[in-house]
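1. Structure, please.
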Amino acid sequence: MLSATERRQLVELTDSVDSPSLALRAKIVLMCADGRSNKDVATALDITPATVGKWRRRFDRLGSSGLRDGVRGGRPRLLDGTRLPTGGQPVGTRELAARFGVSQSTISRRTRETTVHRHPRLPDPVPVVPREAALLSDHAYEALRGWIITGQLPPGSRIVESDVATTLGTSQTPAREAIRRLALEGLITHRPRLGNFVTEISQVEAREAREARVLLETAAARRATGKLTPAEISRLRLEVTHMRNAAKSNDIIAFREADLRFHRLVCALGGNSMLLRLWATVEPALWQLQVVANARFTGDWNLMATRHSELVDALAGHDPNEAVRLFTAHGMGQSSTTRPRRSDPASP
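-> I've put the predicted structure just below:
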């Protein structure tokens, strides 16, 4: 389901001359939003159903910003994931270099990595992953993302492509693609000459992300309060239902995804396309804040869902100032202790 603002943005992207791939992805989402199945869309656009599913899920998770490509960081490292001979007769670097078609220094570097540098064993894939992942790269992405979101890979953990590939039983390429996608979302940070690490967020960055969120969301809430249709209110309540169901099943991934979809929808329903564009810019930082800075949240997930229900009530009401107050408290992380004001029975 798309809001009018989301649909308008996607229609604009379909005319993107500079990026045919982006235009194709926008067409995929628009056709899916019209109720067509992945197979029908794939046939119409001459692509695979797996590709349709990939971009459909990406849009559902990240909005229009998820349709854009990130920047690839340099050429792949040679021999990553290659098992060099162990045991038996010793093999010289010259012979190995000739066998694999690389330099002797590359063989020496790979030998040092596999014999000296040991990395902690990655967790087993969490049960909720990989949910409909049709491609190996999607499988690797969902698994690695699940480890980060659930806190099994805490901030600062080093992510090694060969370790991910070995743990998941895939080649090096899907692992590399998964890391690239997570870097685009902001969950992984690449440090030159050091490698890839789970993103760490400072207190200053967390505060600034919350402040930017409050500015955008309160503006959207003020514009939307009292003007939403019953169908739009139902869309917001549906996301709250998804949060409640995820809380009951202790599905942290599903809860956080429904949470961000809820707030993205609020900005979309504000009726100002620029608010949604700005939200798409800020959302990766908010995703980092939710997942990385608060990965081991031990509070009441059901209570958090209830707070979102109160936000919907405020939007369905007719007091923009009250909606702004609640969204401000929620955005600054005070939603667990802040309740809507109740009218004084004794007041006239």
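2. Assign a three-state SS to Thr189, would you?
-> strand (DSSP: H, G, I helix; E, B strand; the rest coil).
3. Show the contacting residues for it.
-> Ala183, Asn196, Phe197, Val198, Thr199, Glu200 (CB atoms under 8 Å, 6 or more residues apart in numbering). (Each C-beta comes from the backbone N, C-alpha and C, glycine too.)
4. With respect to Glu161, which of those is nearest?
-> When these are ranked by distance to Glu161 (CB to CB), Asn196 comes first, at 7.9 Å.
5. Confirm that that closest one lies within a strand, as I assumed.
-> Yes - assessed with three-state DSSP, Asn196 lies in a strand.
6. shouldn't it be in contact with Ser162?
-> No - using CB atoms under 8 Å, Asn196 is not in contact with Ser162, being 11.8 Å away.
7. Can I get the helix or strand containing Thr218 as CSV, trimmed to CA atoms?
-> Thr218 belongs to helix 203-224 when elements are defined using DSSP states H and E. Written as CSV, here are the backbone C-alpha positions of helix 203-224 (Å, rounded to 0.1, in the frame of the first residue of the first chain):
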residue,chain,number,x,y,z
GLN,A,203,26.1,9.6,22.4
VAL,A,204,26.4,12.8,20.3
GLU,A,205,25.4,11.0,17.1
ALA,A,206,22.4,9.5,18.9
ARG,A,207,21.3,12.8,20.2
GLU,A,208,21.6,14.5,16.8
ALA,A,209,19.6,11.7,15.1
ARG,A,210,16.8,12.0,17.6
GLU,A,211,16.7,15.8,17.2
ALA,A,212,16.5,15.5,13.4
ARG,A,213,13.8,12.9,13.8
VAL,A,214,11.7,15.1,16.1
LEU,A,215,11.9,18.1,13.7
LEU,A,216,10.6,16.0,10.7
GLU,A,217,8.0,13.9,12.5
THR,A,218,6.4,16.6,14.5
ALA,A,219,6.0,18.7,11.3
ALA,A,220,4.3,15.8,9.6
ALA,A,221,2.2,15.0,12.7
ARG,A,222,1.0,18.6,12.9
ARG,A,223,0.0,18.6,9.3
ALA,A,224,-1.7,15.2,9.5
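8. Offset the numbering so it begins at 380, please.
-> Happy to do that; since the first residue is 380 now, the last one works out to helix 582-603.
9. ok, Met653 - how many residues close by?
-> 12 (other CB atoms under 10 Å).
10. Tell me the spacing between it and Ala544.
-> 42 Å (CB to CB, to the nearest Å).
11. do Val431 as well
-> 26 Å.
12. Give me the below-cutoff pLDDT ranges for the stretch 380-529 of the chain.
-> Where the stretch 380-529 of the chain drops to pLDDT under 70, the residues are 396-397, 444, 448-471, 475, 478-483, 485-513.
13. re the thing from before, of Val431 and Ala544, who's got more company?
-> Neighbour totals were compared for Val431 and Ala544, and Val431 leads with 26 against 21 (other CB under 10 Å).
14. who touches the more buried one in this structure?
-> By CB under 8 Å, 6+ apart, the contact set of Val431 is Ile407, Cys411, Asn417, Val420, Ala421, Leu424.
15. For Ser581, the count of nearby residues, please.
-> For Ser581, using other CB under 10 Å, the count is 9.
16. ranges for the helices of the stretch 380-529 of the chain?
-> Remark: helices assigned in the stretch 380-529 of the chain by DSSP state H, counting those that start in this stretch are 383-392, 399-412, 417-424, 428-441, 472-479, 483-494, 515-528.
17. Distance to Pro699 for the ones you listed - can I get that in TSV?
-> Listed next are those as TSV, based on distance: least, CB to CB, whole Å:
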stretch	distance to Pro699
helix 383-392	19
helix 399-412	29
helix 417-424	39
helix 428-441	28
helix 472-479	66
helix 483-494	58
helix 515-528	34
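18. Give me the pLDDT for Ser722.
-> For Ser722, the pLDDT comes out at 41.
19. The one 3 residues further on too?
-> At Ala725, the pLDDT value in this model is 38.
20. so where is the stretch 530-679 of the chain shaky, pLDDT-wise?
-> 663-664, 666-678.
21. Tell me where it has helices.
-> Using DSSP H, counting those that start in this stretch, helices in the stretch 530-679 of the chain cover 540-547, 551-564, 582-603, 609-627, 631-647, 652-670.
22. I'd like those helices laid out as JSON lines, including distance to Thr393.
-> Output for those, formatted as JSON lines (distance: least, CB to CB, whole Å):
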{"stretch": "helix 540-547", "distance to Thr393": "34"}
{"stretch": "helix 551-564", "distance to Thr393": "21"}
{"stretch": "helix 582-603", "distance to Thr393": "25"}
{"stretch": "helix 609-627", "distance to Thr393": "23"}
{"stretch": "helix 631-647", "distance to Thr393": "18"}
{"stretch": "helix 652-670", "distance to Thr393": "15"}
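23. For Gln388, which of these is the nearest?
-> helix 652-670 (6.4 Å).
24. between the helices of the stretch 380-529 of the chain, which one is nearest to Ala599?
-> Among the helices of the stretch 380-529 of the chain, helix 383-392 sits nearest to Ala599 (CB to CB), with 10.0 Å.
25. Would you mind pulling up the elements that the closest one packs against?
-> Here helix 383-392 touches helix 399-412, helix 652-670, going by 3 or more CB pairs under 8 Å, 6 or more residues apart in numbering; DSSP states H and E.
26. Just the buried residues of that helix, please?
-> Neighbour-count burial for helix 383-392, with 16 or more other CB atoms under 10 Å as criterion, is recorded at Thr384, Glu385, Gln388, Leu389, Leu392.
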